[in-house]
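K.L.:
below is the structure, and that's it, no one-letter string:
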């Protein structure tokens, strides 16, 4: 489960601050001496204000540095670059992402697909797992996200 920190609207789906995103585990691999890692494949959905539930994709994971106390510290931990040539990784087009409230999209923190920042021994594989799930993989014996971990999601585009 994750709690929505910022309201946003995408198409006809609106999500409010405080709403709960429900994740479903679709695959699980335990740590072994041979693999030296463990992983969990997850799919998420959000409750829209119209009562329907829509799928979203987990694309990035952030955690504030130790000693960070406020929202600005968390914001500063998030990526500031996007687009062609952004560290040679596939990046999300911010224009296609939902925007919180009425503020301009340019003020949003920008996330790269599969980016993990501030969480040691964790990697993220977007959409490559079972049923198109996002896979979190850890080289620690215990895959664990502390309370306060920030997750970035994008809606799954509607198809007609």
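P.N.:
Sure, I can see it. Keep in mind that this is a model prediction, so the values were computed, not measured.
K.L.:
where do the strands of this protein begin and end?
P.N.:
2-3, 8-10, 13-15, 20-29, 38-47, 53-62, 99-100, 115-117, 122-125, 134-138, 150-155 (DSSP state E).
K.L.:
per-residue confidence for the closest residue in space to residue 30 that isn't next to it in sequence?
P.N.:
Leaving aside its sequence neighbours, residue 30 sits nearest to residue 38 (Cβ to Cβ, 6 or more residues apart in numbering; 5.4 Å). C-beta coordinates here come from the backbone N, C-alpha and C atoms, glycine included. The model reports residue 38 with a pLDDT of 90.
K.L.:
give me the neighbour count for residue 146.
P.N.:
8 (other Cβ atoms under 10 Å).
K.L.:
what's near enough to touch it?
P.N.:
The neighbourhood of residue 146, defined by Cβ atoms under 8 Å, 6 or more residues apart in numbering, consists of residue 63.
K.L.:
for it, give me the pLDDT.
P.N.:
Reading off the model, residue 146 has pLDDT 81.
K.L.:
and what of residue 26?
P.N.:
Here the pLDDT value assigned to residue 26 is 93.
K.L.:
that one contacts residue 129, correct?
P.N.:
Yes: using Cβ atoms under 8 Å, residue 26 makes contact with residue 129 at a distance of 6.7 Å.
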